[in-house]
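Visitor: Quick one: sequence and predicted model below, then my questions.
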Amino acid sequence: AQSVTQLGSHVSVSEGALVLLRCNYSSSVPPYLFWYVQYPNQGLQLLLKYTSAATLVKGINGFEAEFKKSETSFHLTKPSAHMSDAAEYFCAVSDRNNFNKFYFGSGTKLNVKP
Amino acid sequence: EAGVAQSPRYKIIEKRQSVAFWCNPISGHATLYWYQQILGQGPKLLIQFQNNGVVDDSQLPKDRFSAERLKGVDSTLKIQPAKLEDSAVYLCASSLDRGTGMETQYFGPGTRLLVL
């Protein structure tokens, strides 16, 4: 079965600093990859997704992610953190080898310090 | 466009009681998902419907959980009887059904369940 690993359950950055949230997947066939964000007491919202087109994907709120097949990674980045970016971020995969079953990672909570 | 609606937002029950959650997906979305999100973990898919048929319920504890989607629109998820370990947020999501696996899922705000 597909698995998704998010390194670091908590990440803290200063406002204006680079944000890097890590995601690795396990599959011989590259899955479709997604990043979702969850603000407190809210549902999840799509930030961006990779669907086999460009390997560098741009999303909402200045976030982007790069698909690297050789590293089985899909890390999320933002050049300059804003206080409003504080939230929990989930990486997810749609397993093309298994009827597109959907799996979420365990999440990374981003804290942004003033 | 209205989003995914869920009710209730919060529920507190005692173990062995039953509880039901309701979800109304975005109009026109054929696929509906129920997830369980335990504190500190990512959402886990419980059941996926395409219209009113079940696509995947492999992780649904069928001895106590049941779900239905009558007429391919609204859905209810029921737990009977509840256990302490069922305390979680139950998320409903929907997507346009193109069957490609690339579809964006749109999530409701969730129902937070506490079992005492």
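Guide: Perfect, thanks for sending it. Computed from a predicted structure; not experimentally measured. Numbers count the residues shown, from 1 in each chain, chains lettered A, B, ... in the order given.

Visitor: Not counting sequence-adjacent ones, nearest residue to residue 80?
Guide: Using chain A here. Using CB to CB, 6 or more residues apart in numbering or on different chains and skipping the chain neighbours, the partner closest in space to residue A:80 is residue A:16 (5.2 Å). All C-beta spots, glycine's among them, are computed from the backbone N, C-alpha and C.

Visitor: nope, chain B please
Guide: Per CB to CB, 6+ apart, closest to residue B:80 is residue B:18, 3.7 Å.

Visitor: Would you mind checking which helix or strand in chain A has the lowest mean pLDDT?
Guide: Sorting the helices and strands of chain A by mean pLDDT, DSSP states H and E puts strand A:101-104 at the bottom, at a mean of 86.

Visitor: what mean pLDDT would you report for the helix or strand just after it?
Guide: Where DSSP states H and E defines the elements, the next helix or strand beyond strand A:101-104 is strand A:108-113. On average, the pLDDT along strand A:108-113 is 96.

Visitor: what residues does the helix or strand where residue A:88 lies touch?
Guide: Using DSSP H and E, residue A:88 sits within strand A:87-95. With CB atoms under 8 Å, 6 or more residues apart in numbering or on different chains as the test, strand A:87-95 has contacts from A:1-2, A:4, A:6, A:21, A:23, A:25, A:27, A:31-40, A:44, A:47, A:74, A:76, A:100-105, A:107-110, B:42-43, B:101-102.

Visitor: Those residues in helices, which ones?
Guide: Judged by DSSP state H, helices contain none of the contacts of strand A:87-95.

Visitor: from those residues, which ones fall inside strands?
Guide: Judged by DSSP state E, strands contain the following of the contacts of strand A:87-95: A:4, A:21, A:25, A:32-38, A:44, A:47, A:74, A:76, A:101-104, A:108-110.

Visitor: Run through the chain and note the low-pLDDT ranges.
Guide: Went with chain A since none was named. Across chain A, the ranges flagged by pLDDT under 70 are A:1.

Visitor: My question was about chain B, not that one.
Guide: For chain B (pLDDT under 70), the answer is B:1, B:98.
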